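1. next input, structure requested:
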Amino acid sequence: MDPNRILTGPYTLKPLKQLNTSKCSKEEILDYFENAYSLNESLFTILSCEEAFYKCPDRLRLPLIFYYGHTAVVYLNKLTLAGLLQERVNFEFETMFETGVDEMNWDDTENYRMGGSYKWPSVNEVAEFRGEVRKLIRQVILDTPLELPVTQESPWWAVFMGLDHERTHIETSAVLIRQLPIDMVRNIEGWKLAPRTHEDGVNNKIAMVTVDASEVTLGKPVDYPTYGWDCEYPQVNKSVPAFEASAFLITNKQFFHFVNTRGYHRREWWTKEGWEWKTFREAKHPVFWVCTKGCKSNCGADLADYTHCKPKDSTNDDNSNGHSTNGVSHGDDAFERKHGRKYRYRTMCGEIAMPWDWPVIVNYHEAKAFCNWKKDDFRLPTEAEQWAMRDDEVPSDEMHNVNSAYDSSTPVNMYPPSQKGFYDVIGNAWEWVEDNFNGYPGFKSSYLYDDYAGSSMDGRHNIIVGGSWISRSGSMAHFSRYAFRRHFYQFAGFRLCRSVNFNEDPPVVLVPQINAKQDFTISLRNTDKHIQQSKNQQFLEERPEALQKRLQEEYGSMNEGNFYSRLHDICLDIVQAHNNSFNRVLDVGCACGRLAFELAKDFKEVVGLDFCEQYICASEQLKKKGHLSYHLLNGEDLDQPPPAKQARTNGEEMAEDAIIPSGVDVNRVTFKQMTWLPNELADYDLVIQHGLERVQNKKAWLVRLWEVITPGGVAVVVCRDGWTEKDLMPILESRLKLVDSKQLEYNNNNNVEYKANITVWRHK
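-> Sure, this is the predicted structure:
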């Protein structure tokens with residue numbers, strides 16, 4: 001049952017139903033925690049050997065050992081932020097397993113932690129760590145007074161966040177395990193596949209159902225009594241013009257005709273981005289289909305040359321690892337006889353005969369290519385249209401393939417339809433929709449996980465909705481909306497959709513990509529009407545004109561009245577007043593690096609940190625060259641392009657040079673782009689937080705300051721938007737004490753006088 005000795009509790013594949021945050025007891029929370037923790041560990045017993053933990057089944061994901069350890073670390077991090085934990089368990093592991101890889105482009109360089117040179121701990125060491133964390137979280141649940149209802153402001157919300165994160169990562173890990181070489185997985189006790197067909201099967205002809213124009217309410221009520229991620233709130237009303245959509249998710253059989261007519265070889269069906277992905281990946285069919293032609297797998301690192309599509313072994317007609325479905329195909333015997341041996345199907349534990357009536361699992365690019373191949377103005381549904389297909393009430397688990405009712409997809413006609421005639425609007429497989437990911441109007445990030453959703457509101461991510469067979473309960477699947485790059489795989493499929501009145505645009509949300517040529521993949525009569533700015537205000541800093549303004553502010557004046565030179569002097573006074581060391585300093589909100597360079601005159605090691613990619617790139621250029629050209633801007637409106645410049649005699653535009661301060665040893669300075677304060681940032685003698693007016697959640701950038709400074713260190717918080725010590729005290733006073741406060745008077749390049757509030761904090 002446990003060949004790699006990874007279980008720290010009982011083996012189980014039976015998930016409990018979601019907790020009600022308004023009336024749950026401690027006993028119920030404890031049971032749910034134990035169940036979620038065991039479910040995740042039990043999934044990893046599918047791995048047949050320890051070697052599999054150190055493989056990368058997906059070239060854009062880390063080895064599986066990371067995901068085995070990761071969820072335990074998230075409990076520790078979130079409970080620490082909420083003040084429910086006072087001490088760390090294993091800070092080395094809590095740093096190593098804290099952060100996965102960003103959702104990269106398909107041709108990005110593999111993360112350094114994917115290579116064989118990176119030293120991961122042994123499976124046994126990580127199992128022991130998970131065991132320690134399990135005992136600790138149990139004790140926190142038992143010892144912490146429970147006040148109901150548990151709301152987003154409650155410290156207990158961090159516990160529920162850890163619980164739901166654990167359940168979410170069961171699905172993440174399942175997608176990866178399913179891509180491992182087949183000899184690295186095994187069949188496990190209690191694993192149950194669905195039948196390949198149901199009743200008379202699914203007609204190959206795509207049945208369409210019409211939905212009249214309606215008003216739809218999306219999103220989750222703020223007071224709904226279950227845990228939710230920040231991007232699910234608040235509710236929003238939308239008008240949905242009449243449309244028609246396929247009653248069923250597109251099946252493997254229906255998608256086969258696209259593959260069989262060389263759909264993966266014809267450029268005209270693919271979007272520009274999709275064709276570039278397909279060409280790079282050399283994709284010839286969906287990722288979980290298995291043929292005999294040696295197709296390139298999606299694996300990474302030392303599995304990069306591996307193929308699932310090996311010539312058929314005549315001595316072994318079934319690579320199912322002793323696994324079979326609970327039924328045989330009887331819906332279309334002629335089709336089965338003609339095409340059934342061309343492809344097999346990869347499940348979690350092995351291979352089976354192709355389940356033609358299950359939903360096809362594809363990424364957005366493949367789904368969109370199928371829509372284009374079908375022509376007749378077909379597209380994917382929008383998020384609002386997908387909601388319009390559902391029933392009004394929150395669904396029950398019994399009526400949908402969710403919460404591991406089966407350990408696979410099911411035939412798309414197996415569960416009953418919604419009242420409007422649509423099957424699997426909840427569960428079985430997630431659905432790709434046309435919308436770019438964005439927050440609903442009124443979106444607010446959680447300080448416990450500030451960059452959970454906001455970092456994906458960049459126009460490069462689309463939404464999947466509805467949940468899959470392994471997603472936790474129907475109510476969670478009902479409200480869930482996840483962001484994925486269009487080339488990423490989840491257990492996601494799609495259905496066809498088109499407008500009834502082609503003079504009316506569908507209710508789609510489009511988010512413009514910063515610094516990229518716009519290439520929206522849906523045809524609209526009035527595209528501008530559907531474009532929304534990202535709800536993550538931090539992305540506004542990535543616009544070219546923002547960089548020009550920032551360089552002008554930081555380097556346009558090198559005199560002593562400049563904000564950065566004044567702040568440098570004040571920081572020196574603070575360090576001297578508190579007898580602190582001049583060794584290590586962290587500049588949070590460093591932007592284009594002016595303060596970091598000033599500090600390098602006096603400190604031995606300076607780390608400048610900012611969430612903005614182009615600011616960090618500019619800082620690196622300044623460090624490398626000592627100067628950087630920028631255009632002068634008139635006014636403060638960043639929505640306007642830089643004004644035309646008077647030409648120089650050599651034909652170049654008029655520009656100014658940003659020049660780093662004199663007397664700086666640039667080798668003392670390092671710049672990092674980060675969207676939060678991770679565990680790797682620690683042991684600084686001085687931390688300066690001076691970018692709060694630019695972030696979307698101030699508390700998220702403050703709550704870890706106590707852990708970043710040394711026991712004798714100093715944290716300096718600079719507020720330029722009116723915040724004072726009264727605003728900071730509720731966030732910082734549990735761990736830090738206020739030892740000083742003052743005002744900084746400075747002028748910018750137009751000689752206007754400004755004031756900033758400065759507070760100084762030390763450990764209690």
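2. what's near enough to touch the residue lying closest to Gln614 once chain neighbours are set aside?
-> Counting by Cβ to Cβ, 6 or more residues apart in numbering, Leu547 is the residue found nearest to Gln614 once chain neighbours are left out, at 5.1 Å. Every residue, glycine included, has its C-beta placed from N, CA and C. Leu547 makes contact with 592, 614-615, 618, 630, according to Cβ atoms under 8 Å, 6 or more residues apart in numbering.
3. just to be sure, Leu547 is in a helix?
-> Yes. When DSSP: H, G, I helix; E, B strand; the rest coil is applied, Leu547 is found to be in a helix.
4. now do the contacts for Ala207.
-> Contacts of Ala207 (Cβ under 8 Å, 6+ apart): 246-248.
5. now render those residues as TSV, adding pLDDT.
-> Output for the contacts of Ala207, formatted as TSV (pLDDT from 0 to 100):
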residue	pLDDT
Ser246	98
Ala247	98
Phe248	98
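6. so which bits of the helix or strand encompassing Glu132 are buried?
-> Using DSSP states H and E, the element containing Glu132 is helix 123-143. By 16 or more other Cβ atoms under 10 Å, the buried positions in helix 123-143 come out as 123, 126-127, 129-130, 132-134, 136-137, 140-141.
7. one more: stretch 247-257?
-> Under the neighbour-count criterion of 16+ other Cβ under 10 Å, stretch 247-257 has 247-256 buried.
8. tell me which two in those are the farthest apart.
-> For the buried residues of stretch 247-257, the maximum inter-member distance is 18.9 Å, found between Ala247 and Phe256 (Cβ to Cβ).
9. against which helices or strands is the helix or strand of the chain with the lowest mean pLDDT packed?
-> Using mean pLDDT, DSSP states H and E, helix 333-339 stands out as the lowest-scoring helix or strand of the chain, at a mean of 78. Helix 333-339 sits against helix 252-260, with contacts defined as 3 or more Cβ pairs under 8 Å, 6 or more residues apart in numbering; DSSP states H and E.
10. where does pLDDT dip in the stretch 101-250 of the chain?
-> 102-104, 106-116 (pLDDT under 70).
11. can we see that at 80?
-> Residue ranges of the stretch 101-250 of the chain with pLDDT under 80: 101-117.
12. which parts of it are helices?
-> Using DSSP state H, counting those that start in this stretch, the helices of the stretch 101-250 of the chain run over 123-143, 156-177.
13. got the ones you listed as JSON lines, with distance to Leu551 columns?
-> Compiled in JSON lines, the helices of the stretch 101-250 of the chain are given as follows (distance: least, Cβ to Cβ, whole Å):
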{"stretch": "helix 123-143", "distance to Leu551": "45"}
{"stretch": "helix 156-177", "distance to Leu551": "38"}
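14. so which of these gets nearest Lys737?
-> helix 156-177 (23.8 Å).
15. re the thing from before, what lines up beside whichever helix or strand comes after the least confident helix or strand of the chain in the sheet?
-> Sequence order places strand 344-346 as the next helix or strand after helix 333-339, per DSSP H and E. Take DSSP bridges as the rule and strand 344-346 pairs in its sheet with strand 289-290 (antiparallel), strand 351-353 (antiparallel).
16. and the contacts of strand 344-346?
-> 178-179, 182, 252, 288-291, 308, 319, 351-355, 358.
17. for that strand, buried residues please.
-> 344-346.
18. check stretch 395-413 too.
-> 395, 397, 400-413.
19. of all those, which comes closest to Arg735?
-> Arg735 has its nearest neighbour among the buried residues of stretch 395-413 in Asn403, at 38.9 Å by Cβ to Cβ.
20. right, and the closest one touches Lys17 too?
-> Yes. Assessed by Cβ atoms under 8 Å, Asn403 is found in contact with Lys17 at 7.4 Å.
21. overlap of the contact sets of these two?
-> With Cβ under 8 Å, 6+ apart as the test, Asn403 and Lys17 both reach 397, 473.
22. show me the contacts for Gly663.
-> Counting by Cβ under 8 Å, 6+ apart, Gly663 touches Lys601.
23. verify the stated contact: Leu681 with Leu609.
-> Yes. Leu681 is within contact range of Leu609, at 7.4 Å (criterion: Cβ under 8 Å).
24. the two: which has the busier surroundings?
-> Higher neighbour count among Leu681 and Leu609: Leu609, with 24 against 19, using other Cβ atoms under 10 Å.
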